[in-house]
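A.B. asks: please work out how this folds:
(one chain, ligands or ions: 2)
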Amino acid sequence: MSDLAPSPVAVDGDALEEILEGFHDIPTIPEVLVRIWQIVDDPKSSASDLEEVVRLEPPLAAKVLRLANSPYFGGRGRIADVRMAITTLGFETLRNLAVCLSVASGLAGRQPTESRLDTRQLWQHCVATGVVARALAKERGLDRPDEAFTAGLLHDIGKFVIGMGRPDAYGEVARLVVDEGLDPRAAEVAVLGFDHAIVGMAFAARWNFPPRLQAVLCHHHDTGRDDLDDVFHAVVLANRITYALDDYAIIPGCPGHGPDDAHFEAFKMEPAWLDEHSDELRSEIDEAHEFMNLV
Ligand SMILES: [Fe+2]
Ligand SMILES: [Fe+2]
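C.D. replies: Ligands and ions are numbered 1, 2, ... in the order given. As a prediction, the model looks like this:
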């Protein structure tokens with residue numbers, strides 16, 4: 001993926017700040033997460049520093065073990081201790097997953113009635129996008145399939161952050177989409193002044209995610225980005241493929257769109273690949289929902 005940071009976009013800084021601040025107010029963001037960020041950012045830290053922190057949080061330790069043992073990270077049931085799990089997942093993946101799990105589980109308990117964002121459907125779509133992005137990366141022989149998984153899992157994190165910072169916003173977004181037929185991103189811009197891609201990028205920048213991951217979050221709805229690499233295009237295509245495999249009604253009454261030929265072309269893949277692999281992808285997604293059934 002390109003190391004170029006996403007280009008700055010003119011948005012209402014105060015409104016964006018309000019949404020990001022809403023994230024800080026969530027009581028379920030544990031201190032342990034802050035420690036994980038510090039350790040991952042410190043070049044002198046080691047797997048044992050991280051192990052010490054993860055062990056203090058048994059639910060997180062259990063999730064780390066479960067993930068490391070999943071087929072997606074190659075453990076296949078052989079990894080019995082936290083340190084080996086951390087080594088298998090890698091520092092960056094662990095941090096990104098910890099953030100995503102915190103956001104998702106933070107939201108699960110506070111789905112406001114006025115919000116019409118279905119966080120469970122959103123989480124399932126995010127897990128599916130991670131699984132498909134990883135499968136695409138492996139199919140093309142890319143050398144970072146785990147990065148594709150993480151980027152796919154996090155691509156719509158901006159929607160979670162909006163759901164926390166402005167729980168009322170998705171009620172109005174959904175009304176514009178369902179009643180007035182607006183495109184969901186256009187509806188977000190109409191209500192907030194920016195869309196979930198911008199929020200995701202700002203969130204990722206705030207928490208020092210790598211610039212290439214920020215670029216995925218910022219541009220995952222863009223087509224024709226020749227300046228971004230194949231992991232990026234895998235996520236863009238995977239995001240669309242999930243809607244061809246299942247109905248993820250993130251806004252109830254508003255199904256997402258499957259891929260166009262242009263999405264396959266950008267990833268240098270034939271559309272027929274999806275027909276040949278859809279059963280396999282569906283069962284991988286089912287398996288992933290089982291082990292990531294945390295929301
Ligand atoms: Fe998105
Ligand atoms: Fe998406």
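A.B. asks: what helix or strand is the residue lying closest to residue 280 once chain neighbours are set aside on?
C.D. replies: Using C-beta to C-beta, 6 or more residues apart in numbering and skipping the chain neighbours, the partner closest in space to residue 280 is residue 135 (7.9 Å). Every residue, glycine included, has its C-beta placed from N, CA and C. Here residue 135, judged by DSSP states H and E, is contained in helix 119-139.
A.B. asks: how distant is that helix from the center of its chain?
C.D. replies: 8 Å (C-alpha atoms, centre = their mean, to the nearest Å).
A.B. asks: mind listing what's buried in it?
C.D. replies: Using 16 or more other C-beta atoms under 10 Å as the test for burial, helix 119-139 gives 119, 121-137.
A.B. asks: tally of neighbours for the closest residue to ligand 2 within the stretch 51-200 of the chain?
C.D. replies: Nearest to ligand 2 in the stretch 51-200 of the chain, going by C-beta to the ion, is residue 156, at a distance of 4.2 Å. Neighbours of residue 156 under the rule other C-beta atoms under 10 Å: 23.
A.B. asks: which parts of the chain sit against ligand 2?
C.D. replies: Counting by C-beta under 5 Å from the ion, the residues of the chain close to ligand 2 are 156, 239.
A.B. asks: tell me where the chain is predicted with low confidence.
C.D. replies: The model of the chain has pLDDT under 70 over residues 1-10, 22-31, 72, 74-76, 100-115, 291-295.
A.B. asks: domain boundaries for it, per the record?
C.D. replies: Residue ranges for each domain of the chain read 1-25+112-295, 27-109, as given by automatic domain parsing.
A.B. asks: residue 41 touches residue 210, doesn't it?
C.D. replies: No: using C-beta atoms under 8 Å, residue 41 and residue 210 do not qualify as a contacting pair, with a distance of 11.2 Å.
A.B. asks: so between those two, which is more surrounded?
C.D. replies: More neighbours surround residue 210 than the other of residue 41 and residue 210, with 17 against 11 (other C-beta under 10 Å).
A.B. asks: excluding chain neighbours, give the residue nearest to the more buried one in space.
C.D. replies: Residue 210 sits nearest to residue 92 (C-beta to C-beta, 6+ apart), 6.9 Å away.
A.B. asks: next, that neighbour: secondary structure please.
C.D. replies: helix (DSSP: H, G, I helix; E, B strand; the rest coil).
A.B. asks: count of neighbours near it?
C.D. replies: 15.
A.B. asks: hmm, residue 208 and it touching each other?
C.D. replies: No: look at residue 92 against residue 208 with C-beta under 8 Å: they stay out of range, at 10.7 Å.
A.B. asks: which residues in the stretch 101-250 of the chain form strands?
C.D. replies: With DSSP state E, counting those that start in this stretch as the criterion, the stretch 101-250 of the chain has no strands.
A.B. asks: all helices for it, in order.
C.D. replies: 119-139, 145-154, 157-165, 169-180, 184-192, 196-206, 211-219, 230-245 (DSSP state H, counting those that start in this stretch).
A.B. asks: out of those, which is the most enclosed?
C.D. replies: Highest mean neighbour count of the helices of the stretch 101-250 of the chain: helix 145-154, a mean of 27 (counted as mean count of other C-beta atoms under 10 Å).
A.B. asks: convert the C-alpha atoms of that one to CSV, please.
C.D. replies: Output of helix 145-154 as CSV, limited to C-alpha atoms (Å, rounded to 0.1, in the frame of the first residue of the first chain):
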residue,chain,number,x,y,z
PRO,A,145,-2.9,-11.0,3.7
ASP,A,146,-3.2,-10.3,7.4
GLU,A,147,-2.9,-6.6,6.7
ALA,A,148,-5.7,-6.9,4.2
PHE,A,149,-7.8,-8.6,6.9
THR,A,150,-7.2,-5.9,9.4
ALA,A,151,-7.8,-3.1,6.9
GLY,A,152,-11.1,-4.8,5.8
LEU,A,153,-12.2,-5.3,9.4
LEU,A,154,-11.6,-1.6,10.1
